[in-house]
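Q: here you go, sequence then predicted model.
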Amino acid sequence: HRISPGRVMKRSKVLQLQPDYNVKSHDFADLAEQIVRALPTERYEITAAFLRGRPGPGEPVSKADHSVYFEFSDKSLKGMRIRAMWALYKFCRKEQFDVVICNRFKPVNMMLQLNRWLKIPLCVGISHGFGEYDRFYRRSQAKRLIDKAWRFVGVSPAVKQYLLDCKCGFTEQNTYAITNAIDIEQAEALQLPRQQAREKLGLDQDARMIGALGRLVPIKGHRFLLQAFAALKDKYPQAQLAIIGAGREESRLREQIGQLGLEGRAHVLGFRENALQSVRAFDIWTMPSLAEGLGLALLEGMSGHLPVIATNVPAMLPLVEGAGGLAVKPSDVVPLPAALDESLALPDAALQAKGEQAYRYLQEHHDIEVFRQEYLDLIDSGLSQARKDHP
């Protein structure tokens, strides 16, 4: 529609709600920040709100128009969450948002309850993985509270299917798959050359290097990766393994390295800010997870032109196969060593060709512009429908 001269079109007010402050200085793989970038500033006024945490001095903030930090304690977000719910309700009532985008279960759950009274026209709930609605009371609550205002997004077709299979209000009409993507151009610009990346991580320049990136928690399957590597350590004396990440399994993994005789061959490198800088330190990229919603670290490896080995969990199998990588059964002690053996046996040129194949797949199927457009279309169409329903 035409806007008369001098008249300013009112921007739709969007709240993006996240459980924790986790804004990075580079947003190549930050789902929430990429959604902010997807919404044109002339049409949308965006507030980023975080239930827990806030930036320290000099730490990055969201590119949204406004940032709000509730700084709720862990205790206040458990159980009935009455104080937190009341604070969020008052905030939303005062701001009169047109759209709320909820990242992960807790924000979705809180807004499902609050929107009975707030009546925000469009609510979008984003699910990043499996299991969020396994509990009976969560399914019954969703079934009771999901209404015409709600749209749901799974970060992969497998997560969308999980939601549909819960049969608790998620339908083909209100549930979408918008596959995670990364800003490949930005990611590549960050990456250090191989030699420099290895220097930064303190790794051997001459080794055939297997890499993994992820939180050190049991579900990421790093213990199986160490077992698989131990089975091949004598066959490939030039091979080494390094895992970037931190978490409660760190001391256990270090202990396992000692037990398997992998000192000097396997390295737990801890948390690294902007870990993607160092992706080119590796020759082979692995992801031995027992379960994943999508597995952004897999895409990050592909952005570094690396061949991939990952488990065949539903969310990752199409990616691994599409990229020409090797898919293995999770936690099985036979297929992972076989896949590592197959890759380590390749000459450098063949391994690099596999990496280029993975990179081409990433470009064709996980383009950030497609991701942004799909979110913009979802929000534009959802708002348009809401306005038809409530003129």
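A: That came through fine. Numbers count the residues shown, from 1 in each chain.

Q: what pLDDT does residue 126 get?
A: The model reports residue 126 with a pLDDT of 97.

Q: wait, a strand at it?
A: Yes. With DSSP: H, G, I helix; E, B strand; the rest coil as the criterion, residue 126 is assigned to a strand.

Q: separation between it and residue 100?
A: As judged by Cβ to Cβ, to the nearest Å, residue 126 and residue 100 stand 11 Å apart. C-beta here means a position set from N, CA and C on the backbone, and glycine is covered the same way.

Q: do residue 197 as well
A: In this structure, residue 197 and residue 100 are 40 Å apart, going by Cβ to Cβ.

Q: could you do residue 205 as well?
A: As for residue 205, its distance to residue 100 is 50 Å (criterion: Cβ to Cβ).

Q: for residue 365, same thing?
A: Counting by Cβ to Cβ, the gap between residue 365 and residue 100 amounts to 29 Å.

Q: of these two, who's got more company?
A: Each of residue 365 and residue 100 had its neighbours counted (other Cβ atoms under 10 Å), and the higher figure belongs to residue 100 (26 against 16).

Q: any idea of the pLDDT on that one?
A: On the pLDDT scale, residue 100 is placed at 98.

Q: check the one 10 residues further on too.
A: Residue 110 is assigned a pLDDT of 97 by the prediction.

Q: let's number from 43 now, not from 1
A: In the new count, where the first residue is 43, that last one comes out as residue 152.

Q: quick check: which element contains it?
A: Element membership for residue 152, per DSSP states H and E: helix 147-160.

Q: what packs against that helix?
A: Packing partners of helix 147-160 (3 or more Cβ pairs under 8 Å, 6 or more residues apart in numbering; DSSP states H and E): strand 54-62, helix 124-137, strand 141-145, strand 164-169, helix 178-187.

Q: got the angle between the next helix-or-strand element following the last one and helix 178-187?
A: So that's helix 178-187. Once helix 178-187 ends, the next helix or strand along the chain (criterion: DSSP H and E) is strand 192-196. Regarding strand 192-196 and helix 178-187, their directions subtend 140 degrees when assessed with axes from the mean of the first three to the mean of the last three Cα atoms, to 10 degrees.

Q: next one: the helix or strand that comes right after strand 192-196 to chain centre, how far?
A: Proceeding C-terminally, strand 192-196 gives way to helix 199-207 as the next helix or strand, assigned by DSSP H and E. On the basis of Cα atoms, centre = their mean, to the nearest Å, helix 199-207 is displaced by 16 Å from the centre of the chain it belongs to.

Q: list the buried residues for helix 199-207?
A: 199-205 (16 or more other Cβ atoms under 10 Å).

Q: geometric centre of this protein: which residue is closest?
A: Averaging the C-alpha coordinates of the chain gives a centre point, and the residue nearest to it by Cα atoms, centre = their mean is residue 338 (5.1 Å).

Q: on that earlier part again, mind putting the helices and strands packed on helix 147-160 in JSON lines, distance to residue 217 included?
A: What follows is the helices and strands packed on helix 147-160, written out as JSON lines (distance: least, Cβ to Cβ, whole Å):
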{"stretch": "strand 54-62", "distance to residue 217": "19"}
{"stretch": "helix 124-137", "distance to residue 217": "24"}
{"stretch": "strand 141-145", "distance to residue 217": "14"}
{"stretch": "strand 164-169", "distance to residue 217": "9"}
{"stretch": "helix 178-187", "distance to residue 217": "11"}
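
Q: so for residue 420, which of the ones you listed sits nearest?
A: Judged by Cβ to Cβ, the one of the helices and strands packed on helix 147-160 that comes nearest to residue 420 is strand 164-169, at 6.9 Å.

Q: low-scoring stretches of this structure, by residue?
A: Counting by pLDDT under 70, the ranges of the chain that qualify are 43-50, 433.

Q: quick revisit: leaving out sequence neighbours, find the closest residue to the residue nearest to the centre of the chain.
A: Spatially, and ignoring its direct neighbours in sequence, residue 338 is nearest to residue 71 (5.0 Å; Cβ to Cβ, 6 or more residues apart in numbering).

Q: what's the answer for residue 59, then?
A: Computed as Cβ to Cβ, 6+ apart, the closest residue to residue 59 that is not its neighbour in sequence is residue 149, at 4.2 Å.

Q: residues contacting the one you found?
A: 59-61, 93, 167 (Cβ atoms under 8 Å, 6 or more residues apart in numbering).

Q: pick out the most distant pair among those residues.
A: With Cβ to Cβ as the measure, no two of the contacts of residue 149 lie farther apart than 93 and 167, at 14.8 Å.
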